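J.: Take a look and give me a structure for this.
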Amino acid sequence: MVDIIDKPNILPNLKKINDFYLFENIIYVSADFGISEYRIDDLEFGDTFFIGNNGTQLTVNETVVFENYIYAATESGIRRALANNPNLIDYQQWETSSAANFTEIDVVGNKLYTVTTSRRLFEHNFPTFTLKEIFLNKILNVTSNNNNLVVTTEKITKITDSDYTEIGNFLASNYEGAKFSNGIISQENEVFIGTKGFLTSGQEGYGVLKSTLSTNCLLYTSDAADDLLCV
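T.: Prediction:
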């Protein structure tokens, strides 16, 4: 599908896609220009929403649907509109809270969590925010699985429940030269952590590390597949 590439009213440098979010039969495509709908039943694009002030193009980093609203984490605040609004192409239908640069937004249970470029993680109850934590390092990725929130920086992968109570914390410092890149938790409560960074041996990272919430061990799943570290 080349519709975004071929759009003449979007500058080439604004056509970067940042995220996909599936809700019912629509994939919401978050991009540097706004949000595009892709209708999976029809295999074609629908409307495109330019939700910046006065209908301008605005970088949208991630989109979710929560309690009947579409929420967009943008470079200029959290913006939302009713998901069943037939006039979402009208920028005036979108409300705004805050003016920060938000990089992530995720639903965990009945809570909405957002992340800013200033390493802050908030619980969001539009239009108010509750600060939950300020991380020492840039937040690289946030995912939600099994009503858990997984937050990854280069130094740690932290796992919490929907109330932001910590249930797991893995440290990159236990693996000389490694840096974490992403983390997820499976349906079986297995934790997988991607790594990067050149080791003194010349090996790039440790591949993917594997653990469970019931242990404090990380298992190498790359070339050193039989090594197990308990920390």
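
J.: Given whichever strand or helix holds residue 106, what are its sheet partners and their directions?
T.: Using DSSP states H and E, residue 106 sits in strand 102-108. Its sheet considered, strand 102-108 pairs with strand 111-116 (antiparallel) by DSSP bridges.

J.: between the helix or strand just after the partner strand and strand 102-108, how many degrees?
T.: With elements assigned by DSSP H and E, the helix or strand that comes after strand 111-116 is strand 120-125. For strand 120-125 against strand 102-108, the angle by axes from the mean of the first three to the mean of the last three C-alpha atoms, to 10 degrees is 50 degrees.

J.: Return the distance of strand 120-125 from the chain's centre.
T.: A distance of 13 Å separates the centroid of the chain from that of strand 120-125, by C-alpha atoms, centre = their mean, to the nearest Å.

J.: Can I get the next helix or strand after that strand in CSV, CA atoms only?
T.: Downstream of strand 120-125, the next assigned helix or strand under DSSP H and E is strand 128-134. Output in CSV follows, covering the C-alpha atoms of strand 128-134 (Å, rounded to 0.1, in the frame of the first residue of the first chain):
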residue,chain,number,x,y,z
THR,A,128,-5.1,15.7,34.4
PHE,A,129,-1.9,13.7,34.9
THR,A,130,-0.5,11.9,37.9
LEU,A,131,3.3,11.5,37.9
LYS,A,132,4.2,7.9,38.7
GLU,A,133,8.0,7.9,38.1
ILE,A,134,10.9,9.8,36.7
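
J.: which other helices and strands contact strand 128-134?
T.: When contacts are defined as 3 or more C-beta pairs under 8 Å, 6 or more residues apart in numbering; DSSP states H and E, strand 128-134 packs onto strand 120-125. The C-beta positions use only the backbone N, C-alpha and C, and glycine is treated the same way.

J.: Return the list of helices and strands in contact with the strand it packs on.
T.: Against strand 120-125 (3+ C-beta pairs under 8 Å, 6+ apart) you get strand 111-116, strand 128-134.

J.: Going by neighbour count, list what's buried in that strand.
T.: 120, 121, 122, 123, 124 (16 or more other C-beta atoms under 10 Å).

J.: ok, now stretch 77-92?
T.: 77, 78, 79, 80, 81, 83, 88, 91.

J.: and if you look at stretch 44-61?
T.: 45, 48, 49, 50, 51, 52, 57, 58, 59, 60, 61.
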